[in-house]
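> Structure of the sequence below:
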Amino acid sequence: MTVQELRELIGQKTEEINGYLESRDADKAEEALGEKRKLQKLLAVREAEDDEEARELIGKKTEKRTAAATGELRAAVKYALKGAGTLTEEERAAVNIDNNAAILPEQFVNDIQVLREGFPSLKEHCHIVRATSNHGKMPFAKIGGKKLTKYKSGTKLTGEAANTEDISYNIENYGALVPIANDLQEDEAVNIIQDVIKPDFAEAGVNSENDEILKIVEAEAVNKSTGVTDWRGVKKVIDGVLPTLRAKTIVITNLTGYVYLQSQEDKNGRNLDLVKTVNGKDYFQNKQLITLSDEAITAATEGAVVFYVVNLYALVKFFERKGYTVSTDKSVFFESDELALKVQERFDCEKLDKRADFKVEFTPAA
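Got it, this is the predicted structure:
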């Protein structure tokens, strides 16, 4: 008997009890109540049984997905180690090839994304563009100041109507290398990827992306440091960002700058609480505050603190190819006659709109 059928019987029994109550037939009402309670117990058992079956089904589906992902990863690694000729028909169907490298399965990508969450990433604030080739051009429009053009029948269109700028991109490979023996089996290589490369790849990937993004931020930033002596100068720069660029503007600093903001007090010694934390994210003057290491961002003057007020979505176009690839290279460790197992991600950063990119650096009062 299904849950729905039991619920219908319970409803009918409730109506039956109400009828006996109206006629003041206590014996039949009590008997019907006992039958209703039995039905309720049966319903509880049926629901528990259905829940258990559902959990078992989910577990089987999860196991099936995990097995499929493991099979895809093993096929990709086997291709990298031994070439396409060694793959079975099933393995060839499971692996995707791009420029003589095997693309790692979606589960590997998802695992990397989970691991990346522990590191401050600038990429998520950029305009991310999925590229289907390693080289090319793509048109982009700058934010703000645009209006729709009114066209009449017979109006001749000109290039100015597009109001876009072509950005050229050149995808580069960024990866991790691990020396392996020439006779290493695919299962052993899979373990190396899962246990050695994957945990480190997340942090290394974020740091590499941050470095490339910061090169653009630092090169294009307008210096607004003149006359600034404390955090109020940073606030003034934030307030001065164009309204059309203000929504996605963030503040980037290093650990020294973060400690400075957290330590600010009023004249009575009470902390100003300049940094607010909401849902695990820090904010300064209602703009998300991204804190990187002192090695990633350095001040020009010793003892100074540095802040970048920037709209990365407008400034940086982050071109990326889908997925990660695995391949081998015999030339890296040729002296020891070892193979290099390479796992790579592929991206490029290009600049566009630098109207909201400012640097503020000052030496705090002692």
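> Under a three-state scheme, what state does P199 occupy?
helix (DSSP: H, G, I helix; E, B strand; the rest coil).
> any idea how far it is from S293?
Applying Cβ to Cβ, to the nearest Å, the value for P199 to S293 is 19 Å. From N, CA and C alone the C-beta is placed, and that goes for glycine too.
> And for G118?
Distance of G118 to S293, given as Cβ to Cβ: 14 Å.
> go on, I128?
Separation of I128 from S293 (Cβ to Cβ): 23 Å.
> same question, A141
35 Å.
> go on, S23?
81 Å.
> Of those two, which one has the most company?
Remark: of S23 and S293, S293 carries more neighbours, 13 against 9, as counted by other Cβ atoms under 10 Å.
> Where is the longest helix in this protein?
Longest helix in the chain, counting residues (DSSP state H): helix 26-82.
> Pull the distance from it to the chain's centre.
Taking Cα atoms, centre = their mean, to the nearest Å, one finds helix 26-82 lying 31 Å from the centre of the chain it belongs to.
> Equivalent analysis for stretch 81-98, please.
Using Cα atoms, centre = their mean, the mean C-alpha position of stretch 81-98 is found 29 Å from that of the whole chain.
> in that stretch, what's buried?
For stretch 81-98, burial by neighbour count (16 or more other Cβ atoms under 10 Å) applies to 81, 87, 91, 94-96.
> Need the pLDDT of the closest residue to R46 other than its chain neighbours.
Nearest in space to R46, with sequence neighbours left out and distances taken as Cβ to Cβ, 6 or more residues apart in numbering, is V3 at 5.4 Å. For V3, the pLDDT comes out at 86.
> Can you tell me how far V3 is from K287?
Applying Cβ to Cβ to V3 and K287 gives a distance of 51 Å.
> Can I get the worst-scoring helix or strand of the chain on mean pLDDT as PDB, trimmed to CA atoms?
Using mean pLDDT, DSSP states H and E, the weakest-scoring helix or strand in the chain turns out to be strand 325-333, at a mean of 76. C-alpha atoms of strand 325-333 as PDB (Å, rounded to 0.1, in the frame of the first residue of the first chain):
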ATOM      1  CA  THR A 325      44.400  18.500 -19.400                       C
ATOM      2  CA  VAL A 326      46.800  15.700 -18.600                       C
ATOM      3  CA  SER A 327      49.800  14.700 -20.700                       C
ATOM      4  CA  THR A 328      53.400  13.600 -20.400                       C
ATOM      5  CA  ASP A 329      56.700  15.200 -21.400                       C
ATOM      6  CA  LYS A 330      59.900  13.300 -21.900                       C
ATOM      7  CA  SER A 331      62.100  16.500 -22.300                       C
ATOM      8  CA  VAL A 332      61.700  18.000 -18.800                       C
ATOM      9  CA  PHE A 333      63.600  15.400 -16.800                       C
END
